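Novice: Give me a model of this one.
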Amino acid sequence: MSELRDPIRSGPRPGGRSLRVQEAVHAAVTALIEEIGREGLTVPQVAARAGVTPSTIYRRWNDMATLISDVAQRNLRVDCPLKPSGRLSEDLPAWAEMYQEEMDSTPGRAMIRDVLRGWDGTQKACPLLDAVRPSIALICEASGEPVTFDVEAVIDAVVAPLVTRIVFTDAPLPAALARDAAVAFVARHSSGK
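Specialist: Below you'll find the predicted structure:
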């Protein structure tokens, strides 16, 4: 006897074939980018490597830019790369420095550009910003020092200038750019200015 599906449920099921297809396609994109680069990548190549039809890829991702962006978004770090010490004046600059090192690297720059290629602006926020919010929030929540600002203020003062420079320049950023911005930000908010 065949299993009946619930007609009320719609959309992809968590897990099952949908997840296997997504994982196979993501793995194919990652491997092909390493082998041939982004510019030469085609949907038929990805489909052949993933073992799916091109129509499966078009149905789910519409085009190559959206697919590459989806793969890049999946690789964005959302966990905090450091264990907060409770000293905001040390933790936020240390996190900012790590974030800059990761994003200003060749793979980091490629990931940022890939995410932006697929972001159509209809979502509430760019995935690049969504990815940093948990780390900043964790650092603020762990602080033993008073926190007189919200996560968005840190994004505006530290993250946004950094990402803007990465997107619009090819040269490596000054080594302490994000750390200095975070130090200045914490000092401004600590002194009540």
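
Novice: Return the helix or strand in this structure with minimum mean pLDDT.
Specialist: Across the helices and strands of the chain, mean confidence by mean pLDDT, DSSP states H and E is lowest for helix 64-75: a mean of 81.

Novice: Which neighbouring elements make contact with that one?
Specialist: Applying 3 or more CB pairs under 8 Å, 6 or more residues apart in numbering; DSSP states H and E, one finds that helix 64-75 contacts helix 16-36, helix 43-50, helix 54-61, helix 106-118. Quick note: C-beta positions are derived from backbone N, CA and C, even for glycine.

Novice: Now tell me what touches whichever helix or strand comes after the last one from outside.
Specialist: So the one you mean is helix 106-118. Counting by DSSP states H and E, the next helix or strand C-terminal to helix 106-118 is helix 127-142. With contacts defined as CB atoms under 8 Å, 6 or more residues apart in numbering, helix 127-142 is touched by 73, 76-81, 84-86, 88, 91-92, 95, 99, 112, 115-116, 119, 147, 151, 154-155, 159, 163.

Novice: nearest spatial neighbour of the most centrally placed residue in the chain, skipping sequence neighbours?
Specialist: Geometric centre of the chain, nearest residue: Leu76, 3.2 Å, by CA atoms, centre = their mean. Residue nearest to Leu76 in three dimensions, not counting chain neighbours: Ala131, with 4.0 Å by CB to CB, 6 or more residues apart in numbering.
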